[in-house]
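fold the following for me, if possible:
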Amino acid sequence: MSHVPVMLEEVLHHLAPAPGETHLDGTFGGGGYAQAILASGCTLYALDRDRDAIARGAALLARHPGRLHLLQACFGDMVSVLAEGGVTQLDGVVLDLGVSSFQLDEAARGFSFRSDGPLDMRMGHDGPTAADLVNTLPEAELADILYQFGEERHSRRIARNIVAGRPFHTTLALAEVIRKSVPRDPSGMDGATRSFQALRIRVNDELGEIERGLAGALSLLAPGGRLVVVSFHSLEDRIVKRVLTEAAGREARASRHDPASWAVRPTAAPYRLLTRGAERPGEGETRSNPRARSARLRAIIRLEGHPA
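Numbers count the residues shown, from 1 in each chain. As a prediction, the model looks like this:
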């Protein structure tokens, strides 16, 4: 299995799975977190919207009969999905918000601008594709998507050139038009990076899924239960930071750079932050796994005396 779980040691430290507990891996992917959590002796529910990921988990499922429950579902639907199995409380939840390395590396899934494939980008296998968006949306709406979800400063020029050149059916054809629409980035980042991120987020409603998933996870945690979230870009991390900080009874004042600008509300909050700011992967991990470089980990615990 080529999948390398990001910040595994830190995830296990904050999640602290123990025998007899029930945990949820909301983003099964390649099963890296799942294997480590199961090794602690707990019961694990694992979700993934991608049927291919569920199929890859068959061997792990066979090794842990009765303790691993592998379900095809979006993690934003965790409350209703688990309720169908009679699960209403969890001792821990982990969410890895990054795109699966399997999806990135498989050209046919259409996520990569480095290898040619159909312009798909769906994490599942239903709903509109990226091709549907770029070939049908009005120019202004397409520009808004690139700016909002990709933070792409040249979104209007890119959208104008996409509309002029469509239809597009393959990743490399679209990437080439995008690259020609933007100046070379001094950092060496591929010019198509932000636009491809934006389309992928829009196709999969990733930010809405994060909002739903965080709300569901917090509601499912039993007293002493922990939520650990690994994000990979600023749009994701902003949502995670806001939701977890508010859950812990803290609110932002003037400056996000000044620690004194975080105030504790007078009422006791049912959660406490386990991380002070976002934790980052160590230098050794980023050397061996370059995809970990942008990872940021945040964690929170439901306090005893505050039932779910």
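
count residues in the vicinity of Glu141, would you?
Residues contacting Glu141 under the criterion other Cβ atoms under 10 Å number 12. From N, CA and C alone the C-beta is placed, and that goes for glycine too.

please identify the buried residues of the helix or strand hosting it?
Under the criterion DSSP states H and E, the helix or strand holding Glu141 is helix 139-150. With burial defined by 16 or more other Cβ atoms under 10 Å, the residues of helix 139-150 counted as buried are 142-147, 149-150.

of those, closest to Arg276?
Minimum separation from Arg276 among the buried residues of helix 139-150 (Cβ to Cβ) is found for Phe149, which lies at 28.7 Å.

would TSV of the buried residues of helix 139-150 with distance to Gln35 and pLDDT be doable?
Shown next, in TSV, are those (distance: Cβ to Cβ, whole Å; pLDDT from 0 to 100):
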residue	distance to Gln35	pLDDT
Leu142	41	98
Ala143	43	98
Asp144	41	98
Ile145	36	98
Leu146	37	98
Tyr147	39	97
Phe149	32	96
Gly150	33	95
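
distance of Ser80 from Cys74?
In this structure, Ser80 lies at 10 Å from Cys74, with Cβ to Cβ, to the nearest Å as the measure.

do the same with Thr136
24 Å.

quick revisit: and of the buried residues of helix 139-150, the nearest to Val93?
The shortest distance between Val93 and any of the buried residues of helix 139-150, using Cβ to Cβ, involves Phe149 and amounts to 24.9 Å.

just checking, that closest one touches Leu235?
Yes - the pair Phe149 and Leu235 passes the contact test of Cβ atoms under 8 Å, sitting 6.8 Å apart.

list the contacts of Val229.
For Val229, the residues meeting the contact criterion (Cβ atoms under 8 Å, 6 or more residues apart in numbering) are 94-95, 97, 214, 240, 244, 297-299.

please enumerate the helices of the stretch 101-250 of the chain.
Along the stretch 101-250 of the chain, the stretches classed as helices by DSSP state H, counting those that start in this stretch are 101-105, 130-136, 139-150, 155-165, 171-181, 193-204, 206-220, 234-247.

which of those has the lowest average pLDDT?
Ranked on mean pLDDT, the bottom entry among these is helix 101-105, at a mean of 67.

so who does Asp50 touch?
Contacts of Asp50 were listed using Cβ under 8 Å, 6+ apart, and they are 72, 100, 103, 123-125.

and with 10 Å instead?
The neighbourhood of Asp50, defined by Cβ atoms under 10 Å, 6 or more residues apart in numbering, consists of 27-29, 56, 72, 100, 102-103, 109, 122-125.

from Gly117, how far off is it?
If you go by Cβ to Cβ, the gap between Asp50 and Gly117 works out to 16 Å.

low-confidence stretches in the stretch 1-150 of the chain?
Low-confidence regions of the stretch 1-150 of the chain, defined by pLDDT under 70, span residues 1-3, 101-105, 108.

run the chain-centre distance for stretch 54-63.
Relative to the centre of its chain, stretch 54-63 is centred 22 Å away, using Cα atoms, centre = their mean, to the nearest Å.

buried sites along it?
In stretch 54-63, counting by 16+ other Cβ under 10 Å, buried: 54, 56-57, 60-61.

just those: which are in helices?
Among these, the members falling in helices (DSSP state H) are 54, 56, 60-61.

which among those residues gets closest to Tyr33?
Top of the list for closeness to Tyr33, among these and by Cβ to Cβ, is Leu60 at 11.3 Å.

surely the closest one is in contact with Tyr33?
No - counting by Cβ atoms under 10 Å, no contact exists between Leu60 and Tyr33, whose distance comes to 11.3 Å.

between those two, what contacts are shared?
44, 46.

which strand runs longest in the protein?
In the chain, ranked by residue count with DSSP state E as the criterion, the top strand is strand 221-231.

who does that strand pair up with?
Sheet neighbours of strand 221-231, with direction, are listed as strand 90-96 (parallel), strand 296-302 (antiparallel) (DSSP bridges).

many thanks, I have nothing further to ask.
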